[in-house]
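# show me how the following folds:
(chains A and B)
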Amino acid sequence: MSDEKPQETQKQEGAPAAKPANEAAAPVKPAPPDPSAPVGEPWESELVTSLRAAFPEMAMEAYSHLGENCLIVPRESILPLAQHLKGESGYEMLTSLTAADYPSRDQRFDVIYQLYSFAANERLRVKAYVGENETVESVFPVWSGADWMEREVFDMFGIPFDHHPNLKRILLPDEWEGYPLRKDYPILKQDKNWVKENLHIESGQ
Amino acid sequence: MATTPQATFLDANEIVINMGPQHPSTHGVLRVILKLDGEKVRGTELVIGYLHRGVEKIAENRTYTQFAPYVDRMDYVAAVSNGLGYCEAVEKLLQVEAPPRANYVRVILTELNRISSHLLWLGTHALDLGAITPLFYTFREREEVLKIFENYCGARLTTHAFRIGGLQYETYDGFEQQVKEFCNTFPFHIGEYETLLTGNRIWLKRTKGVGILTAEQAIDLSVTGPLLRAAGVEMDLRKAQPYAAYPDFDFDIPTGQNGDTFDRYMVRMEEMRQSIRIVRQALEKLPDGPITCKVPKIIKPPVGEVYHAIEAPKGELGYHVVSDGSTQPYRIHVRPPSFINLQALDCMVRGLLIADVVAVIGTIDIVLGEVDR
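Numbering: from 1, shown residues only, chains lettered A, B, ... in the order given. As a prediction, this is how the structure comes out:
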């Protein structure tokens, strides 16, 4: 049943690799797709217009992909924007807060907020780019649920959240060195000193 | 000691005691540091992470297909739900849709899994509160569900029942008969549990008014699932943002009023009845046809990201998948309901007695495999 499709796709994938020199018109070496660039079409809606009106000096990008709406805003605007989104636009719940690491970019981290509005039954993703030595304002005053989520992001990526009530590691031991979900943290890496000191073994593997 | 007057002793001295991580009532390796005033809880601090395996890091080093079995190990009592959420998230990224028959079988298995998850919750929750009998009853019926899973895919707990694009296996001979039989007998058994608990004076004393979480608090704390519904918010992703074959079925969303432990108990009991209702309809209308759509053998979703959430037995289970166009996910974030609901523990137990902390941990319904990932 799925016999035909895989062959087709394999052909497509295999074609440029098999004869790269022949076709001059085709891109010689297709650049690896940049996952950090926003995908999708620009998104215009009442919400975006109202946000542009409320924050005229904020540089905001809005786009929509696969039916999911996303805003990209500067990290300094996160807290006022969160307050506005909760108070004025009805995004009462912060469903999820996470991050992603793109080490090749100037500001390497995406901090990603996933919001939900009960009244409109809609989701909204808000993203902010954060550099390695930069901080983000905690949204704990707006949504208390952000407490553990921000701690998890701090634990896994080392992104500090300003004015968080209790910013410390949550899943890893407090003394652990390194931030595992960063791309430059190899999968087999561990804090050997911590393992030796606390578990009295040479290696956890 | 001598200088502390007796009258102010309780106010002045906070006693800190440790509960867990090895304690039967914490349902796994959860450590709760309790700050007590006498026997009253003044505050808590939770220590988690004992079961952290770095699932999200593993995902970045596996292909989309290889990662699918790992999600079963998060909420291991509701592995089918985890698999459904993951497969649908990747399908959304690939822009493919599972065929109707696959969706129906998915709904049947997911709802049976909801029942088995709730049964495990009910048995252990009642056991925590001193009622030993319900555990034997609930495990008897849970066994029936696990047998269906075993017959379907060979595994009882970490089932890996679904594949990206549909199902791996067609249903076995006698599947419909076995599920139908379960649907016919199970409502009677819910009645049995209710006879044991619902009117029981001790049960009422231990659960009514205990661990109240209001709707405002729940929304502020990002709490979802039965906890939110027991607080009176009619929110169920199966209705609000339907996925799989859920739009085809009639069912109600049970809600409570007080948001206490008793309401959460009633909500989950009713949810099991509604699940049976859904399974019955799905069996009746089960369409014929292919069980998987055309997906390439090597799964390479286009560049992009999706957030897909489903209503797992414990609340909203979301997958945030970022693809860079390669065979391995660039980043997967799991929004686990247990982790986020557990955060509400502190708000729920303040001012209660130590014994109630056990009731509240039980009523949140956590699985530490999912909290720590």
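
# how far does the longest helix seen in chain B sit from the chain's center?
Identified as the longest helix of chain B according to DSSP state H is helix B:100-128. Distance of helix B:100-128 from its chain centroid, counting by CA atoms, centre = their mean, to the nearest Å, is 9 Å.

# I figured A:Ala62 was touching A:Glu44, is that so?
Yes: assessed by CB atoms under 8 Å, A:Ala62 is found in contact with A:Glu44 at 7.2 Å. In short, each C-beta sits where N, CA and C put it, glycine included.

# skip the chain neighbours and tell me the closest residue to residue 126.
Assuming you mean chain A. Nearest residue to A:Val126 in three dimensions, chain neighbours excluded: A:Tyr113, at 4.3 Å (CB to CB, 6 or more residues apart in numbering or on different chains).

# let's do chain B instead
Distance criterion CB to CB, 6+ apart; nearest residue to B:Ala126, sequence neighbours excluded, is B:Pro134 at 4.1 Å.

# may I have the secondary structure class of that neighbour?
Assigned with DSSP: H, G, I helix; E, B strand; the rest coil, B:Pro134 falls in the helix class.

# report the contact partners of it.
Neighbour list for B:Pro134: B:122-123, B:126-127, B:193, B:196-197 [criterion: CB atoms under 8 Å, 6 or more residues apart in numbering or on different chains].

# now do B:Leu93
B:Leu93 touches A:66, B:301-302, B:304-306, B:321, B:323, counting by CB under 8 Å, 6+ apart.

# repeat that for A:Glu152.
A:Glu152 sits next to A:98, A:170-171, B:339 when contact means CB under 8 Å, 6+ apart.

# could you dump the residues you listed to JSON lines with distance to B:Gly315 and secondary structure?
Shown next, in JSON lines, are these (distance: CB to CB, whole Å; DSSP: H, G, I helix; E, B strand; the rest coil):
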{"residue": "A:Thr98", "distance to B:Gly315": "17", "secondary structure": "strand"}
{"residue": "A:Ile170", "distance to B:Gly315": "19", "secondary structure": "coil"}
{"residue": "A:Leu171", "distance to B:Gly315": "19", "secondary structure": "coil"}
{"residue": "B:Phe339", "distance to B:Gly315": "10", "secondary structure": "helix"}
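
# how far away is B:Arg42 from chain A?
Taking CB to the nearest CB, to the nearest Å as the measure, B:Arg42 falls 16 Å from chain A.

# burial check on that residue, number of neighbours?
Neighbourhood size, B:Arg42 [other CB atoms under 10 Å in any protein chain shown]: 15.

# and it, helix, strand or coil?
Assigned by three-state DSSP, the conformation of B:Arg42 is strand.

# let me see the contact set for the residue in chain A positioned nearest to chain B.
Nearest residue of chain A to chain B: A:Gly145, at 3.0 Å (CB to the nearest CB). Counting by CB under 8 Å, 6+ apart, A:Gly145 touches A:93-94, B:220-223, B:340, B:343.

# again, 6 Å this time
Listed by CB atoms under 6 Å, 6 or more residues apart in numbering or on different chains, the contact set of A:Gly145 reads A:94, B:221-222.

# equivalent analysis for B:Leu213, please.
B:Leu213 is in contact with B:231, B:259, B:344, B:348, counting by CB under 6 Å, 6+ apart.

# with A:Ser138 instead?
By CB under 6 Å, 6+ apart, the residues touching A:Ser138 are A:150, A:161, A:163-164.

# can you get me a residue count around B:His23?
With neighbours defined by other CB under 10 Å, the count for B:His23 comes to 16.

# now swap in A:Trp43 and tell me
Using other CB under 10 Å, A:Trp43 is surrounded by 16 other residues.

# quick one, grab the pLDDT at it.
Note on A:Trp43: pLDDT of 81.

# that one against A:His65, yeah?
No: the criterion here is CB atoms under 6 Å, and A:Trp43 misses it with A:His65 at 8.8 Å.

# of all of chain B, which residue lies closest to chain A?
Nearest residue of chain B to chain A, counting by CB to the nearest CB: B:Ser222, 3.0 Å away.

# just to revisit the earlier point, where does the residue nearest to A:Val126 fall, phi/psi-wise?
The phi and psi values for A:Tyr113, taken as degrees, to the nearest 10, are phi -110, psi 130.

# is it in a bridge, and if so with what?
Per DSSP bridges, the residues bridged to A:Tyr113 are A:Leu97, A:Val126.

# how about the helices in the stretch 1-150 of chain B?
B:9-12, B:55-60, B:64-72, B:79-94, B:100-128, B:133-153 (DSSP state H, counting those that start in this stretch).
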